[in-house]
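just the structure for this:
(chains A, B, C and D)
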2 protein chains.
Amino acid sequence: MNRQLGTVGTVGKAMEILDLVVAFGRGVRFSEVRDVSPYPNATLHRLLQTLTTQGMLGYDEDRHVYVPGMRLVRIAHHAWNQSSLAPLAEPFIESLAADINETVHLAQMENGLVVFVEKKVPENGFQTLARPGRRVGAHCTGVGKAMLAFLDDERRRTALEVQTYEAFTPATHSTVETLERELAAIRADGIAFDREEHEQGIISIAAPIFGRSDHVIGAVSVATSTFRMSLEGLEKFRPALLRTAAQIGSEGASWPYPVSQ
Amino acid sequence: MNRQLGTVGTVGKAMEILDLVVAFGRGVRFSEVRDVSPYPNATLHRLLQTLTTQGMLGYDEDRHVYVPGMRLVRIAHHAWNQSSLAPLAEPFIESLAADINETVHLAQMENGLVVFVEKKVPENGFQTLARPGRRVGAHCTGVGKAMLAFLDDERRRTALEVQTYEAFTPATHSTVETLERELAAIRADGIAFDREEHEQGIISIAAPIFGRSDHVIGAVSVATSTFRMSLEGLEKFRPALLRTAAQIGSEGASWPYPVSQ
DNA sequence: AACTGATGTTCCATAAAACGGAACAACGAT
DNA sequence: ATCGTTGTTCCGTTTTATGGAACATCAGTT
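The predicted model follows:
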């Protein structure tokens, strides 16, 4: 329990670069990586080289760009099946989305931040900012608050510290104090609402998912637009949402799954 | 162009451990990792610790096991969408499998070895050893030989060197010489057959997929059992298989995709 | 063809990090 | 209470990474 901030160690730097390159979502040139990384030319070059010879990155000689490597892709497949709730939760999410005909999100927590791992948009649905694989702050999303509220005290404390409290809309919590007050309310109620805190016009109702020994392992939410529905309207999804969360939780508990950080 | 064998550098070691842990497909204890890794207690412990603080692995305190971490899961999602042919090829594979009602595999190459990235089994289909994410030798599979045959000379040479030539069945190529002879024939014919070289009773017909500037980027195959069909029977899938390979290739060429190693 | 700026790559003395034997802790079984 | 198994920490030594600077490569310009 020593370091966690200011990535240290060679491996840490390498992972940072890997993360960076992959997050581009396309092939990236050396200079593009340099522009967003803190390392000097020579160091970055060596790190990229190392990752490439390791097969974690690939280098396209025709276009002079770095891309995710095949080794990473193979590892990715295993990691996804094993540690994301997505494959396990998919049928429940699917059936919830079909029942209520609204967009459903499944999220987990990485180091205090929200990672979306699955999303179902019904036929007539609309898009939200959430995309599987995308990572956002927990202070401004329904799923984020649902997870934060039910973390144990220590984890919640560290998670609250890493939030940016960036105000995406006027409704976003921009201080720890107001956020903590709402978390207490969420703990009492069992449900979290997103009141246009991330995107103007988008609201959601979210429930935490509990795994073994009441650890939070994720959250599900139903999202909609203020043009279609009000917060009171979302309230009627509460029973179905809680049922879905419970189903995923009990499935996740019996499976040899990790507890989320 | 220096090293490639005998993993070097701290990052290399860390990636090796990561690969190992994730490949278990379940939570693993410290000692299990130690038993299959060449590192002494203290070193391994530090490597696991590093990967864990980096979020590439997670540690389940209840069960004392290491699991893939959320950061890896998030990276996984990006890597998979970007560098595996799976999302892009899915519709073509799907339609081929439906048309001919046989098992279809999609594979790419990692460092001379075959990685399966997608698999469609029709209703009445049967299972093969291939699983998405699984890595096997190229000398004993249809897709492997299809890719090897059309690699450029240098890549083929290095790829041929890493094969184990393990004889899974009496039909497996167990020497470079016989394998190279067949590769020449495959180059002339445009198609590779698996004549029960990996699993007794399983045969397949495979075609290479070409991306930009005629680089091989993967292979598709139709697999079946000797109880259902003979090699001559598979031959009749040739046109459909080649068409599918061409479709995936042209899609993959227009997309900003990596060339496979 | 020579010039120029932008982009990558290599060298190598210095600085930092990893290494791993050994001693130690924690746990569970007899 | 004792002992074997499993996991963790310490710290002097060894290995590896670091990054400034010089060099190479390439595309565009005059």
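
just the strands in chain A please.
A:57-60, A:65-68, A:103-110, A:113-120, A:135-136, A:192-195, A:202-210, A:216-225 (DSSP state E).

just put the ones you listed in a markdown table and tack on distance to residue B:120 and mean neighbour count.
For every residue, glycine as well, the C-beta is placed using N, CA and C. A markdown table is the format used below for the strands of chain A (distance: least, CB to CB, whole Å; neighbours: other CB atoms under 10 Å in any protein chain shown):
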| stretch | distance to residue B:120 | mean neighbour count |
| --- | --- | --- |
| strand A:57-60 | 26 | 22 |
| strand A:65-68 | 24 | 25 |
| strand A:103-110 | 25 | 26 |
| strand A:113-120 | 21 | 23 |
| strand A:135-136 | 31 | 19 |
| strand A:192-195 | 38 | 22 |
| strand A:202-210 | 31 | 26 |
| strand A:216-225 | 29 | 26 |
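
need those in a markdown table (columns: distance to residue B:145 and mean pLDDT).
Shown next, in a markdown table, are the strands of chain A (distance: least, CB to CB, whole Å; pLDDT from 0 to 100):
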| stretch | distance to residue B:145 | mean pLDDT |
| --- | --- | --- |
| strand A:57-60 | 22 | 90 |
| strand A:65-68 | 26 | 92 |
| strand A:103-110 | 40 | 94 |
| strand A:113-120 | 37 | 92 |
| strand A:135-136 | 41 | 92 |
| strand A:192-195 | 53 | 96 |
| strand A:202-210 | 45 | 95 |
| strand A:216-225 | 43 | 94 |
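
those strands into JSON lines, with extra columns for distance to residue B:193?
Formatted as JSON lines, the strands of chain A follow (distance: least, CB to CB, whole Å):
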{"stretch": "strand A:57-60", "distance to residue B:193": "29"}
{"stretch": "strand A:65-68", "distance to residue B:193": "32"}
{"stretch": "strand A:103-110", "distance to residue B:193": "43"}
{"stretch": "strand A:113-120", "distance to residue B:193": "39"}
{"stretch": "strand A:135-136", "distance to residue B:193": "45"}
{"stretch": "strand A:192-195", "distance to residue B:193": "56"}
{"stretch": "strand A:202-210", "distance to residue B:193": "48"}
{"stretch": "strand A:216-225", "distance to residue B:193": "46"}
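
between these, which one is nearest to residue B:204?
The minimum distance between residue B:204 and those falls on strand A:57-60, with 26.7 Å, by CB to CB.

and the closest one, what other elements does it pack with?
helix A:41-53, strand A:65-68 (3 or more CB pairs under 8 Å, 6 or more residues apart in numbering or on different chains; DSSP states H and E).

hmm, 6 Å instead?
Counting contacts by 3 or more CB pairs under 6 Å, 6 or more residues apart in numbering or on different chains; DSSP states H and E, strand A:57-60 is packed against strand A:65-68.

run the chain-centre distance for the strand it packs on.
Strand A:65-68 sits 24 Å away from the centroid of its parent chain (CA atoms, centre = their mean, to the nearest Å).

so, in contact with DNA strand C or not, it?
No: shown here: strand A:65-68 not in contact with DNA strand C (CB under 7 Å from any atom of the strand), separated by at least 8.1 Å.

using PDB, write down the CA coordinates of that strand.
Extracted in PDB, the C-alpha atoms of strand A:65-68 (Å, rounded to 0.1, in the frame of the first residue of the first chain):
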ATOM      1  CA  VAL A  65       1.400   4.100 -37.200                       C
ATOM      2  CA  TYR A  66       1.100   2.200 -34.000                       C
ATOM      3  CA  VAL A  67      -1.900   0.000 -33.400                       C
ATOM      4  CA  PRO A  68      -3.000  -2.500 -30.700                       C
END
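
beta partners of the spatially most central residue of chain A?
By CA atoms, centre = their mean, chain A has its centre lying nearest to residue A:115, at 0.8 Å. Legend: beta-bridge partners of residue A:115 under DSSP bridges are residue A:108, residue A:135.

which residues does the longest helix seen in chain A contact?
For chain A, the longest helix by residue count, based on DSSP state H, is helix A:238-254. Residues outside helix A:238-254 that contact it (CB atoms under 6 Å, 6 or more residues apart in numbering or on different chains) are A:88-89, A:92, A:96, A:191, A:207, A:209-212, A:217, A:220, A:222.

of all those residues, which two lie farthest apart?
A:212 and A:222 (25.4 Å).

and chain A, which residues reach DNA strand C?
Counting by CB under 7 Å from any atom of the strand, chain A sits next to DNA strand C at A:8-11, A:29-31, A:34, A:41-42, A:45-46, A:64.

which ones among the residues you listed also lie next to chain B?
A:9, A:10, A:11 (CB under 6 Å from any CB of the partner chain).

who wins for most neighbours among those?
residue A:11 (25 neighbours; other CB atoms under 10 Å in any protein chain shown).

just the C-alphas of stretch A:42-50, formatted as CSV.
Extracted in CSV, the C-alpha atoms of stretch A:42-50 (Å, rounded to 0.1, in the frame of the first residue of the first chain):
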residue,chain,number,x,y,z
ALA,A,42,14.2,8.9,-26.9
THR,A,43,12.4,7.4,-23.9
LEU,A,44,9.1,7.3,-25.7
HIS,A,45,10.7,5.7,-28.7
ARG,A,46,12.1,2.9,-26.5
LEU,A,47,8.9,2.3,-24.7
LEU,A,48,7.0,2.0,-28.0
GLN,A,49,9.6,-0.3,-29.3
THR,A,50,9.4,-2.5,-26.2
